[in-house]
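Asks: This is the structure alone, sequence omitted:
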């Protein structure tokens with residue numbers, strides 16, 4: 001049995017591209033790599049990771065401002081066993097890198113691109129065509145619209161976790177497609193989605209009977225009726241996060257154990 005190796009590197013401000021290149025050259029059995037808060041590590045470092053770490057299965061990047069599409073392309077082309085890619089606030093990563101992931105990483109089940117605001121629909125269309133996603137977090141990816149979510153809904157039937165919060169361009173059609181294509185969905189975050197309405201929720205829950213958690217605070221077009229729809233149509237629901245004033249008194253009586261409130265004074 002092959003041993004697994006994990007490298008977590010965070011806060012070492014003097015470590016730069018050369019240090020990461022050394023990992024690529026010296027750690028051929030590396031399976032998981034964490035890089036957090038690096039401003040000096042550039043994309044060229046990932047050429048060596050892609051060349052040398054063929055068994056890499058998970059890559060986590062947090063606040064790495066100089067890492068861009070070329071880095072992700074190198075990882076995708078060289079590390080085709082990649083199963084998890086978690087990226088947060090890496091603002092140089094956009095469609096090009098994620099399209100490469102969709103093309104080469106056919107085992108990818110977890111993708112998180114939180115606040116990567118250069119990522120848009122083209123990237124998600126490629127992921128929908130190429131990856132068997134179960135977990136997707138694209139909160140704060142402002143360029144994503146209905147087209148990207150529809151591609152995921154049609155291409156990733158095993159999806160169980162989805163965070164689409166702070167996406168201002170999503171409409172009810174996206175939720176309707178998710179309801180049709182992702183019956184295993186059990187965790188949904190759609191807070192701060194201003195265009196989503198009760199109609200979208202009604203379409204979603206027709207087939208997503210396994211839904212256990214739904215977070216939908218600061219969604220002004222979702223009313224008490226939408227909250228009631230989630231509560232009454234999802235037999236497995238365990239947690240609904242909303243503003244305290246939004247559910248009707250009847251819903252509060254019926255589902256007090258599962259209703260949770262972000263702020264009591266809203």
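Replies: Everything's here; your move. What you see is a predicted model; the values in this text were computed from it and never measured.
Asks: pLDDT score assigned to residue 205?
Replies: Model confidence at residue 205, given as pLDDT, is 96.
Asks: Once you drop chain neighbours, what's closest to it?
Replies: Counting by C-beta to C-beta, 6 or more residues apart in numbering, residue 205 lies nearest to residue 233, which is 4.1 Å off, once chain neighbours are set aside. C-beta here means a position set from N, CA and C on the backbone, and glycine is covered the same way.
Asks: what about the one you found, distance to residue 76?
Replies: Look at residue 233 and residue 76: by C-beta to C-beta, to the nearest Å, they are 39 Å apart.
Asks: Neighbour count for the two, which is higher?
Replies: Neighbours per residue, other C-beta atoms under 10 Å: of residue 233 and residue 76, the larger number sits with residue 76, 23 against 16.
Asks: That one reaches residue 104, doesn't it?
Replies: Yes: assessed by C-beta atoms under 8 Å, residue 76 is found in contact with residue 104 at 4.4 Å.
Asks: show me where the stretch 1-150 of the chain has strands.
Replies: According to DSSP state E, counting those that start in this stretch, the stretch 1-150 of the chain carries its strands in the segments 5-10, 30-36, 58-62, 84-88, 110-114, 135-137.
Asks: quick one: which of the ones you listed is nearest residue 179?
Replies: Within these, the stretch nearest residue 179 is strand 135-137; the backing value is 15.7 Å (C-beta to C-beta).
Asks: Return the list of helices and strands in contact with the closest one.
Replies: strand 110-114, strand 161-163 (3 or more C-beta pairs under 8 Å, 6 or more residues apart in numbering; DSSP states H and E).
Asks: list the buried ones in the helix or strand just after the last one?
Replies: When you say that, I think you mean strand 161-163. In the C-terminal direction, the helix or strand that comes right after strand 161-163 (DSSP states H and E) is helix 172-181. The neighbour-count check on helix 172-181 (16 or more other C-beta atoms under 10 Å) flags 172, 174, 175, 176, 177, 178, 179, 180, 181 as buried.
Asks: Including pLDDT and distance to residue 128, could those go into CSV?
Replies: Formatted as CSV, the buried residues of helix 172-181 follow (pLDDT from 0 to 100; distance: C-beta to C-beta, whole Å):
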residue, pLDDT, distance to residue 128
172, 98, 19
174, 98, 13
175, 97, 16
176, 97, 16
177, 98, 11
178, 98, 12
179, 97, 16
180, 97, 14
181, 98, 10
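Asks: follow-up on the earlier one: of all the strands of the stretch 1-150 of the chain, which one is nearest residue 69?
Replies: Taking the strands of the stretch 1-150 of the chain one by one with C-beta to C-beta, strand 84-88 is closest: 11.6 Å.
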